[in-house]
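J.: Coordinates for the following, if possible.
(one chain, ligands or ions: 1)
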Amino acid sequence: MVDRVSKEVRSRMMAQVRSRDTAPEMAVRRLLHASGLRFRLHRKDLPGNPDIVLPRHRIAVFVHGCFWHGHDCPRGKRPASNAKFWSAKIDRNVARDQSARKALAALDWTSVTIWQCDLMQSTVDLIDRLRKPERPSP
Ligand SMILES: [Zn+2]
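T.: The predicted structure follows:
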């Protein structure tokens, strides 16, 4: 794939992608509100600083932008230009996410990752995943 935009324009585009990443989080919050599940935002005392937590169920929710967190989906496609730079950045995020999930599991918290692209799917499925997340086998 030939990149037609300059480095400068590309990083401006990426910055826009990043700032839009908060919109999915808002969508998840609206969903939780509608479903009556009690939740809290940004618990800084938990590993990985989950975006949303359901304290009663010890569920930590991460709302991830597909690009920044390296999702295996069309939105998570890595740019062809400056590939090394972006890959290193995204790989770091993926590694951080993974160790956060491990650390949470050690504290008996269940992590649920909601991807940006999940929010375009059925909201019923999403609520279901939050109500009955797959617990890691002991
Ligand atoms: Zn995705």
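
J.: Residue numbers of this protein in contact with the ion?
T.: Counting by C-beta under 5 Å from the ion, the positions of the chain adjacent to the ion are Cys66, His71, Cys73, Arg75, Trp115, Cys117. Using the backbone N, CA and C atoms, a C-beta is placed for each residue, glycine as well.

J.: So, low pLDDT: which residues of the protein?
T.: The model of the chain has pLDDT under 70 over residues 1-5, 7-21, 122, 135-138.

J.: the longest helix in the chain is where?
T.: The longest helix of the chain (DSSP state H) is helix 83-106.

J.: After that helix, which helix or strand is next? Please name it.
T.: For helix 83-106, the following helix or strand on the C-terminal side (DSSP states H and E) is strand 110-115.

J.: That next one relative to helix 83-106, how many degrees between them?
T.: 150 degrees (axes from the mean of the first three to the mean of the last three C-alpha atoms, to 10 degrees).

J.: Run me through the strand neighbours of strand 110-115, direction for each.
T.: Paired neighbours of strand 110-115 in the sheet (DSSP bridges): strand 59-64 (parallel).

J.: Which residue ranges of the protein form helices?
T.: 7-20, 22-35, 83-106, 123-131.

J.: could you dump these to JSON lines with distance to Lys44 and mean neighbour count?
T.: Below are the helices of the chain laid out as JSON lines (distance: least, C-beta to C-beta, whole Å; neighbours: other C-beta atoms under 10 Å):
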{"stretch": "helix 7-20", "distance to Lys44": "20", "mean neighbour count": "12"}
{"stretch": "helix 22-35", "distance to Lys44": "16", "mean neighbour count": "15"}
{"stretch": "helix 83-106", "distance to Lys44": "13", "mean neighbour count": "14"}
{"stretch": "helix 123-131", "distance to Lys44": "21", "mean neighbour count": "15"}
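
J.: now those in JSON lines, with distance to Arg56?
T.: What follows is the helices of the chain, written out as JSON lines (distance: least, C-beta to C-beta, whole Å):
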{"stretch": "helix 7-20", "distance to Arg56": "31"}
{"stretch": "helix 22-35", "distance to Arg56": "12"}
{"stretch": "helix 83-106", "distance to Arg56": "16"}
{"stretch": "helix 123-131", "distance to Arg56": "11"}
